[in-house]
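Undergrad: sequence and predicted structure below; questions after.
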Amino acid sequence: QGNLLNFLDANKKNPEILGYTERGHVSLALAAITFDVSIMEEFIPLCHGMTVCMATEEEIHNPAALAKLMLDAGVDVMTCTPSFLSNIIGLSVMRDALKNVRTYDLGAEAFPAALYGKIIALNPDAYIMNGYGLTEATISCTMDQVTDPGMITIGRPASNVRAYIVDEQGRILPPLAPGELVIAGEGVGKGTFARMLMERGKYEYIETGAILRALPPESKLAGIIARGELVADGDLFELLATHFNTDSDMILDGFPRTVGQSKWIAENYSDKFDIRVIYLNVPESVMISRIEKRVREGGNRADDADVAIVRRRLDNFWRITMPAIEWLRTAPGIKFSDIDVTDPDADKNFVKILAALN
């Protein structure tokens, strides 16, 4: 909620919002309301006294119908991808409708230099924005006004948003050095509960999956993972032990998964840590959707995402994990808490977790 309010605020450090509010009156909405871009197309204008013109699917796919809608409604603000605009800007039936557009907010793809000239040819006074953002950073987090086809960038961060270029070790790089773009500040989503705790500065966060994914490709364990085999407990223990800092409060996310792993934690670290286990009770429907997403992101065949297959994977997960949960629940010296995280309000769930830790 706070991220969205920050994004929608029309101030001089949010020039992308001003591109709507100071130059237009009617915003064309092309995205489905379930897609994050709809926040830009609808929330920005409605929060600032503008009008939203919502196109139907038929109008989106019919240039003549879309042009008529835009002309009838007086659309002067358009948000879309560069490729969508490139496909319609040369159509004679769209010419008059696009001439009336005073603000273009383009993003999600690279901005082709040739598109700039086509826009200016229709309306020399058009205000053209090239934005960059991702769903987890409240849709858009940087923007640049395009005035020169030879110098198209994603611009500067929006109000209360920070952007860094870092190397593989997370170190900030000097200007013009190639690296990875990291977004921080008010726009970034909270992420997992474990990360929310870590951001409070009290906990050191260890995600076992991330450790395994970061292994050198030539290592034995990386080969085992690549073949889809299970990592032996002994190998996993050796790897995790190198990441344990007994001077810090730590969170192990997603570990342990077996009784053997549970016993290893208790036997080796109960004298060094006050061990607390928080079991997050997540609805089966949510678990299924998460696994389906991971299957798709892993590049597997489309039929691998079928619910029946996902359910079998989930059943196997419970078969392995539940004995460990039950062992930890009754193990001496371990504090165990069941947390119901079915509440749609993430903050309320987070409060429950903090209460269990405290």
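TA: Arrived safely, thanks for sending. Numbering: from 1, shown residues only.

Undergrad: alpha carbons only for contacts and neighbour counts from here, please
TA: Will do.

Undergrad: hey, what's the closest residue to Gln145 other than its chain neighbours bridged with?
TA: Once flanking residues are discounted, Gln145 sits nearest to Met129: 4.6 Å by Cα to Cα, 6 or more residues apart in numbering. Using DSSP bridges, the bridge partners assigned to Met129 are Asp105, Gln145.

Undergrad: okay, now the unreliable bits of the stretch 101-250 of the chain?
TA: Applying pLDDT under 70 to the stretch 101-250 of the chain flags the ranges 135-136, 169-170, 189-202, 225-230.

Undergrad: and the helices in it, which stretches?
TA: Taking DSSP state H, counting those that start in this stretch as the criterion, the stretch 101-250 of the chain contains helices spanning 113-122, 193-199, 208-213, 220-226, 233-241.

Undergrad: any chance of those in TSV, with mean neighbour count too?
TA: TSV is the format used below for the helices of the stretch 101-250 of the chain (neighbours: other Cα atoms under 10 Å):
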stretch	mean neighbour count
helix 113-122	16
helix 193-199	17
helix 208-213	13
helix 220-226	15
helix 233-241	13
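
Undergrad: so which of the ones you listed comes closest to Asp247?
TA: helix 233-241 (13.5 Å; Cα to Cα).

Undergrad: ok, then the element right after that closest one?
TA: Downstream of helix 233-241, the next assigned helix or strand under DSSP states H and E is strand 250-253.

Undergrad: returning to what we had before: Cys53: which of the helices of the stretch 101-250 of the chain is closest?
TA: helix 113-122 (21.0 Å).

Undergrad: CA atoms only for the closest one, dumped as CSV, please.
TA: This file holds the C-alpha atoms of helix 113-122, laid out as CSV (Å, rounded to 0.1, in the frame of the first residue of the first chain):
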residue,chain,number,x,y,z
ALA,A,113,15.3,4.5,-32.2
ALA,A,114,13.2,4.4,-35.3
LEU,A,115,10.0,4.6,-33.3
TYR,A,116,10.9,8.0,-32.0
GLY,A,117,10.9,9.6,-35.4
LYS,A,118,7.5,8.0,-36.3
ILE,A,119,5.9,9.5,-33.1
ILE,A,120,7.4,12.9,-33.7
ALA,A,121,6.2,12.8,-37.4
LEU,A,122,2.6,12.5,-36.1
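
Undergrad: neighbouring contacts of stretch 150-160?
TA: 6-7, 13-16, 111, 113, 130-132, 141-146, 163, 185-187 (Cα atoms under 8 Å, 6 or more residues apart in numbering).

Undergrad: in JSON lines, list the helices of the stretch 101-250 of the chain along with distance to Val351.
TA: What follows is the helices of the stretch 101-250 of the chain, written out as JSON lines (distance: least, Cα to Cα, whole Å):
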{"stretch": "helix 113-122", "distance to Val351": "49"}
{"stretch": "helix 193-199", "distance to Val351": "10"}
{"stretch": "helix 208-213", "distance to Val351": "24"}
{"stretch": "helix 220-226", "distance to Val351": "35"}
{"stretch": "helix 233-241", "distance to Val351": "28"}
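
Undergrad: out of those helices, which gets nearest to Ile172?
TA: Minimum separation from Ile172 across the helices of the stretch 101-250 of the chain (Cα to Cα) falls at helix 193-199, 18.6 Å.

Undergrad: show me how to select, in PyMOL, the buried members of the contacts of stretch 150-160.
TA: Filtering the contacts of stretch 150-160 down to the buried ones (16 or more other Cα atoms under 10 Å) takes a single PyMOL command:
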select buried, resi 6+7+14+15+16+111+130+131+132+141+142+143+144+145+146+185+186+187
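
Undergrad: in strands only, show me the contacts of stretch 150-160.
TA: Taking DSSP state E, the ones among the contacts of stretch 150-160 that sit in strands are 130-132, 142-145, 163, 185.

Undergrad: hmm, which two among these are most spread apart?
TA: Between any two of the ones in strands among the contacts of stretch 150-160 (Cα to Cα), the greatest distance is 22.0 Å, for Gln145 and Gly185.

Undergrad: residue contacts, Ala126?
TA: Residues near Ala126 by Cα under 8 Å, 6+ apart: 101-104, 119-120.

Undergrad: mind redoing it with 6 Å?
TA: 102-103 (Cα atoms under 6 Å, 6 or more residues apart in numbering).

Undergrad: look up how far Val101 lies from it.
TA: Applying Cα to Cα, to the nearest Å, the value for Ala126 to Val101 is 7 Å.

Undergrad: quick one on the thing from earlier: count of neighbours near the residue nearest to Gln145?
TA: 25 (other Cα atoms under 10 Å).

Undergrad: make 15 the starting number, not 1.
TA: All set: I'll call the first residue 15, so the last point we hit is now Met143.

Undergrad: what sits against it?
TA: 118-120, 158-160.

Undergrad: how about Ile292: which residues does it bridge to?
TA: Bridge pairing for Ile292 - DSSP bridges - gives Ser351.

Undergrad: on that earlier part again, nearest to Val91, of the contacts of Met143?
TA: Tyr118 (6.1 Å).

Undergrad: picking that back up, among the helices of the stretch 115-264 of the chain, which is nearest Thr272?
TA: Each of the helices of the stretch 115-264 of the chain has some distance to Thr272 by Cα to Cα; the shortest is helix 247-255, at 8.8 Å.
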